[in-house]
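Trainee: Okay, here's the prediction I keep looking at, along with the sequence it came from:
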Protein chains: 2
Amino acid sequence: MKFIDNGKVMTEYFHLDDLDRKILTILQKDASLGANTLAERVNASASSCWRRIRALEQAGVLGPHVRLVDPVALGRTLDVFCHVRMKSQGPRARASFQRAMEAEPTILAAYSVSGEWDYLLHLIVEDMQDYERILMGHVLDHESVAATSSNFVLRRVKHTTALPV
Amino acid sequence: MKFIDNGKVMTEYFHLDDLDRKILTILQKDASLGANTLAERVNASASSCWRRIRALEQAGVLGPHVRLVDPVALGRTLDVFCHVRMKSQGPRARASFQRAMEAEPTILAAYSVSGEWDYLLHLIVEDMQDYERILMGHVLDHESVAATSSNFVLRRVKHTTALPV
DNA sequence: CCATTATCGATGAATTTCATTCAAATTTAT
DNA sequence: ATAAATTTGAATGAAATTCATCGATAATGG
């Protein structure tokens, strides 16, 4: 939703009321609840909940339905953040690097960041040997990468997919 | 699943076969599919899929059902990584700091990390003013925090909750 | 090799969920 | 304050989900 005011593009975000917030708070933690259970938790009728959910989906606020997998149960016990500095920052180098990030499934997230490094990567790998393989084979090997610096997660203090609403 | 071998605790992870992997791959991206749709996508019967899902849940591999919310649709457009160094690393200081992280909902993740900083925080906030408020009020204000360094996300190159299986 | 065990796909019944309708209540605008 | 517009919640039927059961099939091991 956008409108122009004084030559500046203003963006008007979806207006959430109390019920929307309650619904989003719950669904971000547990989306297995049906409209009925949800309804009694938020003190509203099932049909109201259902309508709100649909409106939030159509507005693009409420996104995909996913299931989270426990990495530890699969033996992926090493959580790493890897800072990357590029040799060059031209559009071709960036695009090629970003494609390489996209292609490696152990790289869960990749951000272009401000500061002394160009990218920050988040990986969850099996062990150090696995990490070495990926770092050497998919990151350091890339033609535009100048240097990296890895920080290993000692403990996950907090980890949530739920945004404040 | 654990057993002892030569005095060392060995952990045996849940064995995933091809069907399990296909199911996990799909459900990590789209958990709204019913057992029937899922079944035809993985070339198995609905009852097989259903049984596999239940086994994966009981083994703790397949975790919660969540819905993702789009931060941009809510006006939360600033993504920040914040490195934190502590004055002291005693158990009381750590516990108190970790409780403070837990309590602030814009802090989506907090990791204790190796390297020159003690913690790495990931926040999604509305704007710089919002970030300043949280950084000053909830991080720098904490008695055990010595220093912080913030890196702002210029672009989310990749961002997924799906682990490789 | 054959016996044992585990897994498969199909079926079906009890239960839930989904998506709509409609009258009542609430909000908004004039 | 009143009329118009929107939102609400109970009810409803169709569709989907959950879960047990039953032969058939495939894998395992001695």
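Mentor: Nice, thanks for sending it over.

Trainee: make it CA atoms for all contacts and neighbour counts henceforth
Mentor: OK.

Trainee: tell me the phi and psi of the one residue in chain A that gets nearest to DNA strand C?
Mentor: Nearest to DNA strand C in chain A, going by C-alpha to the nearest atom of the strand, is A:G34, at a distance of 4.1 Å. Here is the backbone geometry of A:G34 (degrees, to the nearest 10): phi -80, psi 170.

Trainee: Tell me the pLDDT of it.
Mentor: For A:G34, the model assigns a pLDDT of 86.

Trainee: same question, A:V9
Mentor: The score at A:V9 is 59. That number is its pLDDT.

Trainee: now A:M1
Mentor: 48.

Trainee: Check A:H15 too.
Mentor: 88.

Trainee: Ok, A:Q89 next?
Mentor: At A:Q89, the pLDDT recorded in the model is 88.

Trainee: quick one, what contacts the most centrally placed residue in chain A?
Mentor: Residue closest to the mean C-alpha point of chain A, counted by C-alpha atoms, centre = their mean, is A:A109 at 6.8 Å. Contacts were defined as C-alpha atoms under 8 Å, 6 or more residues apart in numbering or on different chains; by that measure A:A109 touches A:L121, A:H122, A:L123, B:R156, B:V157, B:K158, B:H159, B:T160.

Trainee: Looks to me like it is in a strand.
Mentor: Yes - assessed with DSSP: H, G, I helix; E, B strand; the rest coil, A:A109 lies in a strand.

Trainee: if I look at it, how far off is A:E102?
Mentor: Going from A:A109 to A:E102 by C-alpha to C-alpha, to the nearest Å gives 9 Å.

Trainee: can I get the contacts of A:A109 in a markdown table with pLDDT?
Mentor: Supplementary listing: the contacts of A:A109 in a markdown table, determined by pLDDT from 0 to 100:
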| residue | pLDDT |
| --- | --- |
| A:L121 | 98 |
| A:H122 | 98 |
| A:L123 | 98 |
| B:R156 | 97 |
| B:V157 | 97 |
| B:K158 | 98 |
| B:H159 | 97 |
| B:T160 | 98 |
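
Trainee: Can you add neighbour count and give those back as CSV?
Mentor: Below are these laid out as CSV (neighbours: other C-alpha atoms under 10 Å in any protein chain shown):
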residue, neighbour count
A:L121, 21
A:H122, 20
A:L123, 21
B:R156, 14
B:V157, 19
B:K158, 17
B:H159, 14
B:T160, 12
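
Trainee: So which bits of chain A are right by DNA strand C?
Mentor: Proximity of chain A to DNA strand C is confined to A:L33, A:G34, A:A35, A:N36, A:T37, A:A46, A:S47, A:W50, A:R51 under the rule C-alpha under 7 Å from any atom of the strand.

Trainee: which among the residues you listed gets closest to DNA strand D?
Mentor: Using C-alpha to the nearest atom of the strand, A:S47 is the member of the residues of chain A next to DNA strand C that sits closest to DNA strand D, with 5.0 Å.

Trainee: All set now, cheers.
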